[in-house]
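Engineer: No sequence on hand, only this structure:
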């Protein structure tokens, strides 16, 4: 019988073959001497992903869902069939740099109180991804992000949730890790080695980090493990739907973790943004057709909040 791998890497895929191929091609150099297996859970892609994976990467364990089960259900499918002592969730639009996975595994072995570990993440332009290492979200921080204030007024006090003074190149505990890549320690108990199905897509990483820390484990950013996350490969295919899913997931998060008052504050602030931007983009779409996509996004967000 083949020896069990030290690490199982679970990747959920939906119509992102070019990204998935780049991700899979980068894994051997990223894993170094770590013995690993790869499980790709495909959510009924129509771009030929399953056939291409079988042809180009026959060593990959492929799961073909007959329908799109969304992220959390598909991720939990892969985690349940994993054989490794350590588990990793990796987005298909992430390209791990050489030795990055090996360094994550080494850090997990050296720090037994680290429940979740994540790499330093750069975007496609080589800039730091502030989602790794940030503080827990608040209704105000969500308003800053959705409204665009953080883009137009990048003042440190306004962006304090992003911890602008935090060096992502350092290794240490942080409040939140990005769901683009999460390494589950071998010591985590089974209830913490899976995602909460109440978050079908978006917010599941925030909830997981919080559950891990509430149970007494640390979330650790490993600064010398670097990966590039191109981001939005799946959500870009259905942007309005994805935006609605994201905002409803955060409504659930605030209601569950911060209580009714926080959920109401979040609802009011994001509804203000959604209505204001719907008026702006829909009202000007006849002059600027490129605004129609933004109009559809904020209309979807407003409709989603009205249903909550």
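Structural biologist: Structure received. The shown structure was predicted, so the numbers you read here are calculated from the model rather than taken from an experiment.

Engineer: got the buried residues for stretch 134-147?
Structural biologist: Taking 16 or more other CB atoms under 10 Å as the basis for neighbour counts, the residues of stretch 134-147 that come out buried are 134, 137-139, 141-147. Where you see a C-beta, it was placed from the backbone N, CA and C, and this is true even at glycine.

Engineer: what about the stretch 1-150 of the chain, any weak spots by pLDDT?
Structural biologist: Using pLDDT under 70 as the threshold, the predicted model of the stretch 1-150 of the chain has low-confidence ranges 1-2.

Engineer: residue boundaries of the strands in it?
Structural biologist: Taking DSSP state E, counting those that start in this stretch, the strands of the stretch 1-150 of the chain run over residues 7-13, 36-43, 61-65, 86-90, 94-96, 114-122.

Engineer: Out of those, which gets nearest to residue 157?
Structural biologist: Relative to residue 157, the nearest member of these by CB to CB is strand 114-122, separated by 24.3 Å.

Engineer: Now do the closest one and strand 86-90, the angle between them.
Structural biologist: An angle of 30 degrees separates the directions of strand 114-122 and strand 86-90 when computed by axes from the mean of the first three to the mean of the last three CA atoms, to 10 degrees.

Engineer: Next up, the contacts around residue 206.
Structural biologist: Residue 206 makes contacts with 136-137, 176, 253, as judged by CB atoms under 8 Å, 6 or more residues apart in numbering.

Engineer: Looking at those, which is nearest residue 198?
Structural biologist: Ranking the contacts of residue 206 by separation from residue 198, with CB to CB as the measure, puts residue 253 on top at 9.7 Å.

Engineer: Helix or strand for the closest one, just tell me which one.
Structural biologist: Assignment of secondary structure by DSSP states H and E places residue 253 within helix 239-253.

Engineer: Check residue 158 too.
Structural biologist: Assignment of secondary structure by DSSP H and E places residue 158 within no helix or strand.

Engineer: sorry, back to before: and the strands of the stretch 1-150 of the chain as JSON lines, adding distance to residue 217 and mean neighbour count?
Structural biologist: Formatted as JSON lines, the entries for the strands of the stretch 1-150 of the chain read as follows, by distance: least, CB to CB, whole Å; neighbours: other CB atoms under 10 Å:
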{"stretch": "strand 7-13", "distance to residue 217": "18", "mean neighbour count": "27"}
{"stretch": "strand 36-43", "distance to residue 217": "22", "mean neighbour count": "22"}
{"stretch": "strand 61-65", "distance to residue 217": "28", "mean neighbour count": "17"}
{"stretch": "strand 86-90", "distance to residue 217": "14", "mean neighbour count": "25"}
{"stretch": "strand 94-96", "distance to residue 217": "23", "mean neighbour count": "23"}
{"stretch": "strand 114-122", "distance to residue 217": "3", "mean neighbour count": "26"}
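
Engineer: Which of the ones you listed sits closest to residue 170?
Structural biologist: Across the strands of the stretch 1-150 of the chain (criterion: CB to CB), the nearest stretch is strand 114-122, sitting at 9.0 Å.

Engineer: What residue spans form the domains of this structure?
Structural biologist: 7-133+168-229, 235-306 (automatic domain parsing).

Engineer: Out of the ones you listed, which is the most enclosed?
Structural biologist: Highest mean neighbour count of the domains of the chain: domain 7-133+168-229, a mean of 19 (counted as mean count of other CB atoms under 10 Å).

Engineer: Distance from that domain to the middle of the chain?
Structural biologist: Taking CA atoms, centre = their mean, to the nearest Å, the mean C-alpha location of domain 7-133+168-229 is offset from the chain mean by 9 Å.

Engineer: same question, stretch 243-263
Structural biologist: Computed by CA atoms, centre = their mean, the chain-centroid distance of stretch 243-263 equals 17 Å.

Engineer: got a list of contacts for it?
Structural biologist: Residues outside stretch 243-263 that contact it (CB under 8 Å, 6+ apart) are 137-139, 142, 146, 198-204, 206-207, 210, 265-267, 270, 297-298, 300-301, 303-305, 307-308.

Engineer: Indicate which one of the strands of the stretch 1-150 of the chain is closest to residue 186.
Structural biologist: With CB to CB as the criterion, residue 186 lies closest to strand 86-90 of those, at 5.1 Å.
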